[in-house]
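Engineer: Give me coordinates for this.
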Amino acid sequence: MEDADVYKCIVSNDHGEAVYSMSLIVTESMSSTFTFPCVHKLITDLSKFFALLNLMSRSTPAPKEEKKPITEEEMLKILSGADKKDYERICAEHGFTDFRGILKKLKEMKKKGDEEVLVSNIIALRHFLLRIQYSLGKYELKQMGTKFMLCISSVSLKDSGSYSLKVGEKTLSARLNPVRVTERQTAIFEVRLSKKTNKPPVWKFGGKELKRDEKFDVVVSEDGLTHTLKIKDVRPSETGDYTLSLGDLTSTSPLFIDSKRSCNTKGSDSYSQKIHSNEPFGWLSVFSERFATVKSGMSDIQCPTDSSSELCVVLNDEKVDGVWLKDGKEVLVKQGAVHKLIFNKVGEEHEGKYTFRAKGAESEAVLSIADPPAIDPTMLEVLASNPVTVKAGQTAIIKIPFKGKPVPRVTWYKDGIEVTGDARITLEREADSTTLALAKCVREDSGAIMLRLKSDCGTAIANMHLNVLDRPKPPQGKVEFLERTGRCIKMKWKAPRDNGGKQVTSFVIERCMAGKKSWIKVGEVDPSTTFFSNDKVEEGKAYQYRIRAVNSEGVSDPLETEEVCAGEPIEPPGTTSQPQITDVTKDTAMVTWSPPAQDGGAPVLGYIIERRKKGSNMWVPVMDGLVEDMEYEFRVVSVNRAGPGVPSSSSNSVLAKDPVRAPGLVKDLHVTDSSSSSISLGWCPPQQGDEPSGYILEMRLDDAKDWSKCTKIPIAGTSYTVGGLQDRMKYFFRIRAVNEGGVGEPVALEQGALAMPPPGEHRLGIAGPLSDALLVRAGTALCIHVTFTGSPPPVVTWLKNGIPTTGRETIIKGKEHSQFLISSSQRSDSGMYRIGLRNDYGEVHYDVNVPRPPMNLRPVEEVPGVVTLHWDHTPDLADDEHTHYIVLKRDSSTATWFTATERVFSSKYTIGGLLPGRKYYFRVIARNHVGDSDPLDSKEPFSIAKEKGLLGHGSPFHEAPGALLIVLRLMPEGVRNCAVIESTESGDHVQFTGEYPAGKKFHELTYCKGSTAPHLNSLGSSE
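Structural biologist: Now for the predicted structure:
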């Protein structure tokens, strides 16, 4: 702190002197990365001062004096206060040559100093990590860990000055100066983030987002931590607050134009100011620097390997530093107007994207190697002289290496046609080779193969031949027969068009008899011979020959000849007529036929008689007798010297058994039943002749003469019903027996028969019991379905209480059923319903009762919590043994009815388990097999007295608050219903309901919460 003061620098020579004054303010920093504005201003002013000295030295040269070589310690002190971009220039001005060594030591010195400052600040603030945050107008104090930030909104010139932070005994200060630039200069806003963020950066001025154009340049560093905004040619209208937003984080800094500065500096001055942003994500710097433009830029170049090349950029300002980058990495820094990168011997390591950057200027170009495709000449000679040879069925693989950059386009051709990949062909390409794979080669794949490599730099071609080895093709053309006699057959052929890639070694000749499929080898000749004589033949026989070519890969497909005859041809005889079978017995049959019309050129020597079982495909010569009851078919084959002819067509099938006699007359044809549309007949089998296999029944109308069959096939039994007749029409019938021996004589029904039911009593029946019929309540449907029988069909009438129904019902009538339906029943629909049946032979009726409700319901509480219901029987109880009662109850506080019992035949019922102090309604309904009566409800709610129960046998007890009372009723044997658990005021009780057999007692068990002794009450017996 004691170094803070005003410093002066006086420089003089024989021509005059120059004086420069500056102030040094020393403050303590909270982190090693904090840089106060005064230091930047000092460096800027020193740079201006040195520029002034250089100007003076050039204008008024002073006498040269020997300079002492600067020491390493002095150079470290000078560089520690200078900007990093000026390191090389300062070393050159002081004649210091070990540039890399001094930079390494300077880096170690800074690192050591930063660690000491950082550690001391953290130790000083360790005991004061307080979370303080408050806001006063435009000032807001924030703390994040050991960082304390003072955020000033709407920064202006009035906010310039020194700011201090006091933590305990430590006081830290910083100075905030406004950012000033000269009009028409370029202003640079730079923000350095402490960590990378995925939020997109948004620069704004005056509430509008700034986009990259000729005026504004927005740049993000490669590491994503530095965001830069360049404003070119600053004008007064562009002064104000500039804001960078990254999601929820923002940083704002004002820009001012200093009107007092001279506009004659022409950009030679450099001003810098770092201002802490309003949010903790980095630093904001504003610069006004020297810039240059590109007079001559770079363009992409391509050059062959090992050739020389260069990249050149020309700037309009030689004092601006330029940086060369390759693929984003710095390779060279140089100052001057002309910048060149020279490559003496270009290789793959030199390929890439080169970028030249200077303040205000940038140029890019891509250096790539461009070598024309080339194939090794030795390989080209080998491919041209030696064909690629594979066997059929194998895979041919042709791989050719090449050189060329960029990688050329690869195209394969076969016989001048481009080859594309498919199921058999696979094309592969790598950076330095290409492969053609042809799977499952066939002979047709042989041919000229060409590879073409083409790129922008040139073309290379490789020619080769593919030879697929296979068995030869068949001999050519039609076989010519030179001689055909009874002793010799001589033939001639042509060699195959394709020998399969190998020399033919021989020809094989095979022969078979005409009409046969068995081939035998009859000779083999050498490849130079294309004729053969077969002297082992039979005169008149017809033969067929085939010839095959043979090489080392196999035998070719055959060349087959037409049939040829040795001498004059003799053919087998023609076919005989269809055989006729007569005089069949159980073991013999007579077969007759006519001889063939053509004998084939030689007399018929005999006949072969064959037989087969019906349904079989195997024919066998007849050698012995027949098998009884077996069905046979026969055929005949004629034979001459040439052999057997074509078999005749098969005969009709016959059964090997003795002849059958036709049946006699049918006995006792009569009518068994009749209706309006059918007549049933019965008869007895004939007593003469053999047993019939069926009967043929025929009929005709009374006024008709022609008879018609009642069935398409004979009737197997001795009865049949003829349907589809006209009502009350008269029909006549006749019947004949039939078997294999023939058809017997007919027997007629002389009197005929009428199509009408026979007279008889009508019968009434109900389809199923009505005990499981519909439950009829008011508003629901009442449906009664009745089925009956009667002949003739009866007339149906419905009555209610002896009076015809009123017409609200729907009645469906049929020949054998009737249905009575009221879709929405009312209480007035209760009563007795009667269905009446009447026809010409009498009448009957059947009554259906819907029960009427019981009357006079009287509840009585005989035991606390138990109510006995009494009522008067329904008038229908005595008439119907299935009528019984259903008892229901409900609490007056609810509208839901609960069933107490579902089957009571007496006129009273006891309900237990009722809660003291509650009011209940009771309901009784009568039910029979037709349905339910209207309900009988208690008119007023019945109140249960608030009396305590009994503890022990008959002794009263006082129930403690919150007691649990459980009532268990023990039912006698035969009770079918189960228990229902219900809640009392402070516990549960169990109520058993069911049918109580008369004369048996039931009991009740009462449990009290906290007591182990239940109380047993006898409640009486059921009636």
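Engineer: Every contact and neighbour count from this point should use C-alpha atoms.
Structural biologist: OK.
Engineer: so residue 250 is in which element?
Structural biologist: strand 249-257 (DSSP states H and E).
Engineer: ok, and the closest non-adjacent residue to residue 717?
Structural biologist: Distances taken as CA to CA, 6 or more residues apart in numbering place residue 694 nearest to residue 717, at 7.2 Å, with adjacent residues excluded.
Engineer: likewise residue 533?
Structural biologist: Distances taken as CA to CA, 6+ apart put residue 490 closest to residue 533, at 4.2 Å, once the chain neighbours are dropped.
Engineer: Surely the one you found touches residue 484?
Structural biologist: Yes. In this structure, residue 490 is within contact of residue 484 by CA atoms under 8 Å, at 6.7 Å.
Engineer: Neighbour count: the two, which is higher?
Structural biologist: Neighbours per residue (other CA atoms under 10 Å) separate residue 490 from residue 484, with residue 484 holding more: 18 against 15.
Engineer: What residue, apart from its backbone neighbours, is nearest the more buried one spatially?
Structural biologist: Nearest non-adjacent residue to residue 484, counting by CA to CA, 6+ apart: residue 566, 5.6 Å away.
Engineer: Pull the contacting residues for that neighbour.
Structural biologist: 484-489, 537-543 (CA atoms under 8 Å, 6 or more residues apart in numbering).
Engineer: rerun that using 7 Å as the cut-off
Structural biologist: Counting by CA atoms under 7 Å, 6 or more residues apart in numbering, residue 566 makes contact with 484, 485, 486, 487, 489, 537, 538, 539, 540, 541, 542.
Engineer: Relative to residue 198, which of those is nearest.
Structural biologist: residue 542 (95.8 Å; CA to CA).
Engineer: can you give me the offset of the longest strand seen in the chain from its chain's centre?
Structural biologist: For the chain, the strand with the greatest residue count under DSSP state E is strand 458-469. In terms of CA atoms, centre = their mean, to the nearest Å, the centre of strand 458-469 is found 48 Å from the chain centre.
Engineer: Then stretch 612-620?
Structural biologist: On CA atoms, centre = their mean, the centre of stretch 612-620 falls 59 Å from that of its chain.
Engineer: just to revisit the earlier point, can you spell out which helices and strands pack onto the longest strand of the chain?
Structural biologist: strand 371-374, helix 377-385, strand 388-391, strand 447-455 (3 or more CA pairs under 7 Å, 6 or more residues apart in numbering; DSSP states H and E).
Engineer: dump the residue contacts of the most centrally placed residue in the chain.
Structural biologist: By CA atoms, centre = their mean, the chain has its centre lying nearest to residue 423, at 28.8 Å. The contact partners of residue 423, taken as CA under 7 Å, 6+ apart, number zero.
Engineer: Tell me which helix or strand it sits in.
Structural biologist: Assigned by DSSP H and E, residue 423 belongs to no helix or strand.
Engineer: Looking at it now. What's its pLDDT?
Structural biologist: Note on residue 423: pLDDT of 89.
Engineer: Relative to residue 439, how far out is it?
Structural biologist: Separation of residue 423 from residue 439 (CA to CA, to the nearest Å): 8 Å.
Engineer: and if you look at residue 904?
Structural biologist: 94 Å.
Engineer: So for these two, which residue has more residues nearby?
Structural biologist: It is residue 904, of residue 904 and residue 439, that has more neighbours when counted by other CA under 10 Å, with 19 against 16.
Engineer: Tell me what the more buried one is bridged to.
Structural biologist: residue 885 (DSSP bridges).
Engineer: I'd assumed residue 884 was in contact with it.
Structural biologist: Yes. Counting by CA atoms under 7 Å, residue 884 is a contact partner of residue 904 at 5.6 Å.
Engineer: phi, psi of residue 444?
Structural biologist: Phi and psi for residue 444, reported as degrees, to the nearest 10, are phi -70, psi -10.
Engineer: Grab the nearest non-local neighbour of it.
Structural biologist: That would be residue 468: by CA to CA, 6+ apart, it lies 7.8 Å from residue 444.
Engineer: Neighbours of that neighbour, how many?
Structural biologist: Using other CA under 10 Å, residue 468 has 25 neighbouring residues.
Engineer: contacting residues around it?
Structural biologist: Residues near residue 468 by CA under 7 Å, 6+ apart: 389, 390, 391, 392, 441, 442, 443, 445, 446, 501.
Engineer: Partner strands of the helix or strand where the residue nearest to residue 533 lies and their direction?
Structural biologist: Taking DSSP H and E as the criterion, residue 490 maps to strand 489-494. Strand 489-494 sits in its sheet next to strand 476-484 (antiparallel), strand 531-534 (antiparallel), going by DSSP bridges.
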